[in-house]
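Engineer: quick one: sequence plus predicted model below, questions after.
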Amino acid sequence: MRTDRAALVATAHASIVRGSKSFASASRLFDRTTRERVWLLYAWCRRCDDLVDGQDHGGAMDASADVAARLVTVRELTALAFAGKPSGDDAFDALGLVARETGLTVEMANDDSGYGSSSSFSCLVNDCENGISRFALDLVYR
């Protein structure tokens, strides 16, 4: 697991700048710790969405692969992040870092915490493309 916080933050910042100019701009309103946690969480959300859709930062979709298999990959990498194990993907290691820093739990990531309208992991992943959810903001303020 990549544990160098500064490197993960830099990679996450590059992801939010590339993936969402509005999120990147809005993140400047937060104090440094909160801003960096928003970037780290955004990087995971963006990567989940891109993995499921077969995209790179919202680019052209790859409809050739099995979406169900992609979702399994997202779940497996997320589980590794929560277990503190190497994922081989900076965005998932960023999630692990945010989890350690804020107390984010697997139940929250699975949206079993009451923050979302559904109890499915895929709904949380889909919500990520619509913005940092209420639960995410709650976490980054911890």
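Structural biologist: Sure, I can see it. Model, not experiment: these values are computed from the prediction.
Engineer: quick one: Leu95 from Val17, how far?
Structural biologist: For Leu95, the distance to Val17 equals 19 Å [C-beta to C-beta, to the nearest Å]. Placement of C-beta: from N, CA and C, glycine included.
Engineer: out of these two, which sits in the busier spot?
Structural biologist: Leu95 (28 against 15; other C-beta atoms under 10 Å).
Engineer: just checking, the more buried one touches Trp44?
Structural biologist: Yes. Using C-beta atoms under 8 Å, Leu95 is in contact with Trp44, at 4.0 Å.
Engineer: which pLDDT value belongs to Cys45?
Structural biologist: Looking at Cys45, its pLDDT reads 89.
Engineer: what do you get for Ala65?
Structural biologist: 69.
Engineer: the residue nearest the centre of the chain: which element?
Structural biologist: For the chain, the residue sitting closest to the mean C-alpha position, by C-alpha atoms, centre = their mean, is Trp44 at 2.1 Å. Per DSSP states H and E, Trp44 falls inside helix 32-53.
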